[in-house]
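1. Got a predicted structure here, sequence first:
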Amino acid sequence: FKLEIDLPQATSIEHTATVVGEIEQFIDEHLMATEQRQGVTNYTAFNGTGGPRVVTNHSGSEGSSNTAFLLFNTSSSEPIEQLMEQLRVFLFEYYPDISASIRRFETGASVAKPIQIRISGESSDTLYTLSDQIKLQLESMSGTVGIKDDWGPKAQKIVINVDEAAARRAGITNADVASSLNTSFSGKAVTEYREGDQLIPVVVRAQRTVTNQASLTNSMNIFSQTGNRSYNLSELGSVLVAWEPALIKRYDLERTITISAELSRQGNAADIVAILEPWLERLFDRPEYSSYEFALGGEAEASAEANQSINEKIPVAFAIILFLLMTQFNSIKKTAIILLTIPLGLIGVVSGLLITGSYFGFMTFLGIISLSGIVINNAIVLIDRIEFEMINNGLARGEAIVVAAQRRLRPIVLTTLTTLLGMMPLWLGGGTLWETMAVTIIFGLLGGTLLTLGVVPVLYALFYGVKLTSMPEAKEMDSVTIV
């Protein structure tokens, strides 16, 4: 699993390293594996970066002095949830100002956070107010952990108000003020030091103890680019200290705060979004928030985009299936019988999801599409055998239905069983990504096959008006070929 840390903006890399060192001390003392307990076998810390792409779907945050990334290996998968919870409690208790994300490594496409809410508007203060309300609502809901926003807390900033008249009299421009302040705060490269084949820039700037004090900033000297003298900043304007957003992010050119939350082991993104969305609609219906809007991101947005992409192509796939069936059988009745078997698999799907406690998501939808092809195949095999018995063996339609069902029973059942056994590893060890798809195919195919063997002969008899007054005698079955 992984730990991603965001300290307040402008935190020095030295302080970040100190905090990470204290976290490492806790890990060494309480989370490491021993002979008596399972736990962390080894870990790696990266300061000032979001970490390398250790797996395909991991994209670390942009490197900055206030970020860190820790990668953990454990003795087994069993203690991971407990280890993550211990680490989460420790960080919450001792480092409440840290934004920490503790997550398992997942398979599949990368989703930043399972729950995301984007709120957009003009006023930063109002956005902060909305963000606080949404975070409180998420905290009150079961199944959510690691709630945070991407702006972070407000930071103390020094605001320089330049007196334009005084600056003109002194021959100082706004560019001169900005250049002097930038040199003091951020530094200015004056030369380069060569070490081997590397060039290291030499930067001159004021000491941090100076730049962190507004009173000393007020006494800074501003040098004119055109003259030869300097002026005290207090002669050219005023210096104020204000609390402002340390970071402002935009989405579609509008100021946007993204509130995110992770899921506990029992949490379900779909259930949480179903409760949260109506609450958000009521919140943004208030008159004071009429000019602000929200949008759901995370898994909800990713799932909606994926479903839309599939839904656009389903009609094309259905038209191709219909064309192939009509070409093969040249009969509307037989095509209708085959297509009517598709809903039979859904009975098993619903039962399987209820029995296993799984949820209906994107992978479940993919499983249903795959299941439809298998169920259709069984119906095609059965109807084709009925036609074979009538044409090649000269049986009456009613007798052909019974004989075909008898002779196709074993091949269809064996084919189904081999498919079920092949899906078992995905169900038992495929993780959250593949588990729901495997459950969908296993239970849907099991229920769909049993119902297909009974329903297809009945539908065939109904569509062609066959009346079975007595059961035909079962003839000696020929050699069976699994189709």
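-> Looks like it arrived, so ask away.

2. where does this protein have its least confident helix or strand?
-> helix 208-211 (a mean of 53; mean pLDDT, DSSP states H and E).

3. which SSE is Thr452 in?
-> When secondary structure is defined by DSSP states H and E, Thr452 falls within helix 431-463.

4. for the stretch 51-200 of the chain, what are the low-confidence residue spans?
-> 53-62, 106-112 (pLDDT under 70).

5. Could you rerun that using 80?
-> For the stretch 51-200 of the chain, applying pLDDT under 80 flags the ranges 51-63, 77, 97, 104-113, 146, 155-158, 184-187.

6. What segments of it are helices?
-> 80-94, 124-139, 164-170, 174-185 (DSSP state H, counting those that start in this stretch).

7. repeat for the stretch 301-450 of the chain
-> Counting by DSSP H, counting those that start in this stretch, the helices of the stretch 301-450 of the chain are 332-339, 342-356, 362-392, 397-429, 431-463.

8. Could you pull up the mean pLDDT of the helix holding Thr452?
-> The average pLDDT for helix 431-463 rounds to 83.

9. what does stretch 13-25 give?
-> The model assigns stretch 13-25 a mean pLDDT of 90.

10. Mind listing residues that contact that stretch?
-> Stretch 13-25 has contacts (Cβ atoms under 8 Å, 6 or more residues apart in numbering) with 3, 5, 7, 43, 45, 47-48, 65-68, 70, 90-91, 94-95, 98. In short, each C-beta sits where N, CA and C put it, glycine included.

11. now with 10 Å?
-> Residues outside stretch 13-25 that contact it (Cβ atoms under 10 Å, 6 or more residues apart in numbering): 3, 5-8, 11-12, 43, 45-48, 64-70, 87, 90-91, 94-95, 97-98, 100, 208.

12. PyMOL command to pick out the buried ones of those residues?
-> Selection command for PyMOL covering only the buried members of the contacts of stretch 13-25, criterion 16 or more other Cβ atoms under 10 Å:
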select buried, resi 3+5+6+7+8+11+43+45+46+47+64+65+66+67+68+69+70+87+90+91+98+100
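
13. Domain ranges for the chain, per the record?
-> Listed domain ranges for the chain are 1-105, 155-244, 331-463 (source: automatic domain parsing).

14. tell me the most buried of the ones you listed?
-> domain 331-463 (a mean of 18; mean count of other Cβ atoms under 10 Å).

15. That one spans what distance, first to last residue?
-> Using Cα to Cα, to the nearest Å, the end-to-end distance of domain 331-463 comes out at 11 Å.

16. chain center to that domain: distance?
-> Distance, stretch centre to chain centre, for domain 331-463: 33 Å (Cα atoms, centre = their mean, to the nearest Å).

17. ditto for stretch 238-247
-> Worked out by Cα atoms, centre = their mean, stretch 238-247 lies 35 Å from the chain centre.

18. Now do the same for that stretch: mean pLDDT, whole number.
-> 82.

19. now what about it, what contacts it?
-> Contact with stretch 238-247 is made by 8-11, 66, 124-125, 127-128, 150-163, 213-220, 233, 255, 257, as judged by Cβ under 10 Å, 6+ apart.

20. if we can go back for a sec, next, the angle from the helix holding Thr452 to helix 342-356.
-> Here helix 431-463 runs at an angle of 140 degrees relative to helix 342-356 (axes from the mean of the first three to the mean of the last three Cα atoms, to 10 degrees).

21. Use 16 as the first number from now on
-> Done: numbering now begins at 16, and the last item shifts to helix 446-478.

22. From the contact count, pick out the helices and strands touching helix 446-478.
-> helix 347-354, helix 357-371, helix 377-407, helix 412-444 (3 or more Cβ pairs under 10 Å, 6 or more residues apart in numbering; DSSP states H and E).

23. Could you double-check that Glu303 sits in contact with Thr144?
-> Yes - using Cβ atoms under 10 Å, Glu303 is in contact with Thr144, at 9.2 Å.

24. which of those two has more neighbours?
-> Comparing Glu303 with Thr144 by other Cβ atoms under 10 Å, the one with more neighbours is Thr144, at 14 against 9.

25. Now for the more buried one: which residues touch it?
-> By Cβ under 10 Å, 6+ apart, the contact set of Thr144 is Ser138, Glu303, Tyr304, Tyr307.

26. what's the average pLDDT for stretch 408-415?
-> Averaging pLDDT along stretch 408-415 yields 84.

27. go on, stretch 321-328?
-> Here the average pLDDT along stretch 321-328 is 78.
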